[in-house]
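S.K.: with the sequence up front, the predicted model follows.
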Amino acid sequence: QVQLVESGGGLVQPGGSLKLSCVASAGFTLDLSRIGWFRQAPGKEREGVACVSVGAGRTLYGTSLKDRFTISRDNAKKTVYLEMNNLKPEDTAVYYCAADCGRPPKYIDYWGKGTLVTVSS
């Protein structure tokens with residue numbers, strides 16, 4: 001069974017940083033999958049944040065996020081990271097890890113339960 005578990009969320013002040021982690025279950029071949037981070041703010045649709053290819057050679061980011069967010073992966077640890085810098089209140093959302101990316105959320109089968117990021121002073 002595929003399981004993805006996010007961690008690292010929390011309360012941070014504007015301008016601060018957080019690093020999220022997504023750990024895959026032992027039965028999931030993370031090294032053969034694109035992995036994406038998505039987020040969903042209250043009252044809004046889930047949107048793509050970042051996507052990393054199988055070999056980590058290619059990354060994609062949501063609009064205007066590339067200069068503040070960095071996605072990376074460590075296949076040996078079955079973990080994908082999302083480093084977020086210079087956080088803004090509008091980054092407040094539940095952040096989800098998904099076993100695919102580069103397509104609309106409704107076409108992705110496997111998700112973590114999410115980790116809440118709150119940016120507030």
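M.R.: Arrived safely. Residues are numbered from 1 along each chain as shown.

S.K.: which strand or helix spans residue 51?
M.R.: In this structure, residue 51 sits in strand 47-52 according to DSSP states H and E.

S.K.: could you list the paired strands of the helix or strand following that strand along with their orientation?
M.R.: Remark: after strand 47-52, the chain's next helix or strand is strand 59-61, criterion DSSP H and E. Note on strand 59-61: by DSSP bridges, its sheet partners are strand 47-52 (antiparallel).

S.K.: give me the contacts around stretch 31-47.
M.R.: By CB atoms under 8 Å, 6 or more residues apart in numbering, the surrounding residues in contact with stretch 31-47 are 20, 22, 48-54, 62, 71, 73, 75, 78, 80, 82, 90-102, 105, 108, 114, 117. Backbone N, C-alpha and C define where each C-beta goes, glycine included.

S.K.: typed the wrong thing, it's stretch 66-81
M.R.: 19-26, 28, 30-31, 35, 37, 49-52, 56, 59, 61-62, 82-87, 97.

S.K.: start and end of it, how far apart?
M.R.: Stretch 66-81 has an end-to-end distance of 14 Å (CA to CA, to the nearest Å).

S.K.: would you mark the buried spots in that stretch?
M.R.: Neighbour counts using 16 or more other CB atoms under 10 Å place 69, 70, 71, 73, 75, 78, 79, 80, 81 of stretch 66-81 among the buried residues.

S.K.: mark which of these are part of strands, please.
M.R.: Counting by DSSP state E, the buried residues of stretch 66-81 place 69, 70, 71, 73, 79, 80, 81 in strands.

S.K.: will you turn these into TSV that also has pLDDT?
M.R.: What follows is these, written out as TSV (pLDDT from 0 to 100):
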residue	pLDDT
69	96
70	95
71	94
73	90
79	93
80	94
81	96
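
S.K.: next, give me the two most distant ones among those.
M.R.: 69 and 79 (16.6 Å; CB to CB).

S.K.: nice, that's everything, thank you.
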